[in-house]
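Participant: Compute the structure for the input listed below.
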Amino acid sequence: MSDQPPRYKRPGTVVRHVANPLLVAAMRLGISVWGSRILEVRGRRSGNIHRTPVNLLVYRGSEYLVSPRGDTQWARNVRADEGRLVLVLGHRRAERMVVELADDEKPPVLRAYLRRWKMEVGQFFEGVSAEASDEELLRIASKHPVFLLQTDR
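Facilitator: Alright, predicted model coming up:
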């Protein structure tokens, strides 16, 4: 891990007040846009349930959540709640546990994530693309939390 403070790119007003609410509304109706889900996680300070749209990556038979904007509020809340979260699509709710990957485990997952959602999230990866070397992906790995969803409960 790096000695630098955690990086977090806060969403702009349009994303927070227009795009995310539209995505959440679609997902409540059961419509997923390229694997999107509503992430529900307990707030680390308030204890309230917070909801945010996330991209669920299926890679080599496993499911992952990547935080493209860095050490986001949802990532901090997942850590604080000992890896517990709920993924929602329509009326389906999947309670899950996650394990955060170490930086040296992230490059192949980050590459797959960038291949899938480059147009949506590429701007948050400092010019690093899916075609980048493992070394380049490893260089930015500490800035992007990656969580492996556990299959066992």
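Participant: residue boundaries of the strands in this structure?
Facilitator: 36-42, 49-59, 62-66, 84-89, 92-100, 146-149 (DSSP state E).
Participant: out of those strands, which comes closest to Met119?
Facilitator: Nearest to Met119, of all the strands of the chain, is strand 49-59, at 11.8 Å by CB to CB. For glycine as for every other residue, the C-beta is placed from the backbone atoms N, C-alpha and C.
Participant: any low-confidence regions in this protein?
Facilitator: Low-confidence segments of the chain (pLDDT under 70): 1-34, 152-153.
Participant: which helices and strands does whichever helix in the chain runs longest pack with?
Facilitator: When the chain is parsed with DSSP state H, its longest helix is helix 107-121. Judged by 3 or more CB pairs under 8 Å, 6 or more residues apart in numbering; DSSP states H and E, helix 107-121 is in contact with strand 49-59, strand 62-66, helix 134-141.
Participant: redo that, cut-off 6 Å
Facilitator: Applying 3 or more CB pairs under 6 Å, 6 or more residues apart in numbering; DSSP states H and E, one finds that helix 107-121 contacts strand 49-59, helix 134-141.
Participant: returning to that earlier point: so can I have JSON lines of the strands of the chain showing distance to Ser129 and mean neighbour count?
Facilitator: As requested, these are arranged in JSON lines below (distance: least, CB to CB, whole Å; neighbours: other CB atoms under 10 Å):
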{"stretch": "strand 36-42", "distance to Ser129": "21", "mean neighbour count": "21"}
{"stretch": "strand 49-59", "distance to Ser129": "16", "mean neighbour count": "17"}
{"stretch": "strand 62-66", "distance to Ser129": "15", "mean neighbour count": "20"}
{"stretch": "strand 84-89", "distance to Ser129": "27", "mean neighbour count": "18"}
{"stretch": "strand 92-100", "distance to Ser129": "24", "mean neighbour count": "14"}
{"stretch": "strand 146-149", "distance to Ser129": "17", "mean neighbour count": "21"}
